[in-house]
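Colleague: Sequence plus predicted model, see below.
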Amino acid sequence: MSSPENSTATVDRIGTLPDEILIHILSFVPTKQAFTTSILSKRWIHLWRYVPILDFTETNLEDRDSVIRFEEFIFSVIRSRHSAGNHSINTFILDIQRHSSRLHALVFGNSNTIAPEFPIPILGSTTLVVLKLASFDMGADLFLNLITLPSLKTLHLKNINFDQDEHLLLILQKCPILEYLQLSNIYGHSSYYWISDDNTLTKLKRADITICYCYFPMKALSNLEFLRIQLSEDYHPYDFPTFNNLTHLVVNYDWDIVVQVLQHCPKLQSLDLYQLQGDYWKDDEDIADDDQENWAYPKSVPTCLSLNLTTCTMRDFAFAGLQRNHVMLARFILKNAKVLETMTIWCSRKRSKIEKLLSSCPRASAKCQLSIY
């Protein structure tokens, strides 16, 4: 066990480091912890203000008073940085933890409650590179005309409620060099306001979109190299562009959805399919090796299967029952993917039957290795 003298000596040794190194060290801890270092000595009082990362991870708001205190703190942080002459922010992370239905109302908006006021100055930062927001109500008073994010490359939005659908797109239009977009649990309110999506997100390379009930033009994602998207009957964008640069796709598998999407991905090399946890249970016990009953064979084989697909993974196979369409989808890929190297099936049940149904299936690629776990 170290003595008080040794601990003091360690602090003193750290204090001899240049300001630039100390600021870099502080950038690895949440902003509240960085703020507490200001009591160490006179030299530390202002150092935290120059950290280029504002990280409010796992912010717990339990009641009305905690919301008010948090709002005051976050604005005081921004003001203190400005007063110290530091207007540069590289990364901003704001993640509000919700622990009750009451807090859900506080955060997601209710005319009778107080929600944290969003720090609008952050959306006008010309130096911001990474922005991560979770559990916020982006209300009508978002001052969209003041938003400018010319340096932003990474944007993560989770559990966000937009007052109007077009607000999401208007924000994205202010991010001309955005490279990575992650949307999860996004909600909006439809309106008839039309926004042009021409030339939107031309630099975007990666997108992860799950549970997005806010209108989003898929044409804006046409330059992607990686896409993870969750589709359903409730959310099925029909304006898919041709993804000429897409090489890796992750999507929930339903026969119709997968085939339609693959037709738009001519250069796809890696396909990762999974089932949604809420998928209804269906067990087709009478599936035969060449069973194509009630199954519409596609009119054409997607280009990616003929030329480029080398890896395919189907996760949660038979998770909601062994379904004929899923078996036929796997067989279709095996029969038509001419350069396929690995086909991996992950299943928690009926492994022997799945092996029987798929192992006997002809394979277009002589190099294809079928693995079932």
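Modeller: Received it, and whenever you're ready, just let me know what you need.
Colleague: use CA for all of it now, contacts and neighbours both
Modeller: OK.
Colleague: Could you say which helix or strand holds the closest residue in space to Ile14 that isn't next to it in sequence?
Modeller: Setting aside the residues directly before and after it, Ile14 is nearest to Leu22 in space (Cα to Cα, 6 or more residues apart in numbering), at 7.9 Å. Per DSSP states H and E, Leu22 falls inside helix 19-26.
Colleague: before we move on, the earlier item: can you tell me how far the residue nearest to Ile14 sits from Phe35?
Modeller: 13 Å (Cα to Cα, to the nearest Å).
Colleague: Check Ala364 too.
Modeller: Ala364 sits 61 Å away from Phe35, taking Cα to Cα as the criterion.
Colleague: can you map out the strands along this structure?
Modeller: 53-60, 91-97, 130-138, 154-162, 180-187, 206-213, 226-229, 248-252, 270-274, 311-317, 342-347, 369-372 (DSSP state E).
Colleague: The third one: partners in the sheet, and parallel or antiparallel?
Modeller: Looking at strand 130-138 with DSSP bridges, its partner strands are strand 91-97 (parallel), strand 154-162 (parallel).
Colleague: mind listing the helices in the stretch 51-200 of the chain by residue range?
Modeller: 64-83, 101-108, 166-172 (DSSP state H, counting those that start in this stretch).
Colleague: least reliable of these going by mean pLDDT?
Modeller: In terms of average pLDDT, helix 101-108 trails the rest of these, at a mean of 35.
Colleague: still on that earlier bit, and Pro241, which of the strands of the chain is closest to it?
Modeller: strand 226-229 (12.8 Å; Cα to Cα).
Colleague: what's the spacing between the spatially closest residue to Glu179 that is not a sequence neighbour and Pro176?
Modeller: Closest residue in space to Glu179, ignoring its immediate chain neighbours: Leu204 at 4.0 Å, by Cα to Cα, 6+ apart. According to Cα to Cα, Leu204 stands 9 Å off from Pro176.
Colleague: for Ser306, same thing?
Modeller: Taken as Cα to Cα, the span from Ser306 to Pro176 is 35 Å.
Colleague: likewise Arg49?
Modeller: Distance, Arg49 to Pro176, by Cα to Cα: 28 Å.
Colleague: again, but for Leu340
Modeller: For Leu340, the distance to Pro176 - Cα to Cα - is 36 Å.
Colleague: Of these two, which one has the most company?
Modeller: Neighbour count, other Cα atoms under 10 Å: between Leu340 and Pro176, Leu340 has more, with 28 against 19.
Colleague: quick one on the thing from earlier: check the gap between the residue nearest to Ile14 and Asn90 for me.
Modeller: Taking Cα to Cα as the measure, Leu22 falls 17 Å from Asn90.
Colleague: again, but for Leu221
Modeller: From Leu221 across to Asn90, the span is 25 Å (Cα to Cα).
Colleague: ranges for the helices of the stretch 201-350 of the chain?
Modeller: With DSSP H, counting those that start in this stretch as the criterion, the stretch 201-350 of the chain has helices at 255-262, 303-307, 324-336.
Colleague: and those helices as JSON lines, adding distance to Asp65 and mean neighbour count?
Modeller: Formatted as JSON lines, the helices of the stretch 201-350 of the chain follow (distance: least, Cα to Cα, whole Å; neighbours: other Cα atoms under 10 Å):
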{"stretch": "helix 255-262", "distance to Asp65": "47", "mean neighbour count": "16"}
{"stretch": "helix 303-307", "distance to Asp65": "56", "mean neighbour count": "20"}
{"stretch": "helix 324-336", "distance to Asp65": "52", "mean neighbour count": "20"}
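Colleague: mind putting these in TSV, mean pLDDT included?
Modeller: Output for those, formatted as TSV (pLDDT from 0 to 100):
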stretch	mean pLDDT
helix 255-262	82
helix 303-307	97
helix 324-336	89
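Colleague: Good, we can wrap up now.
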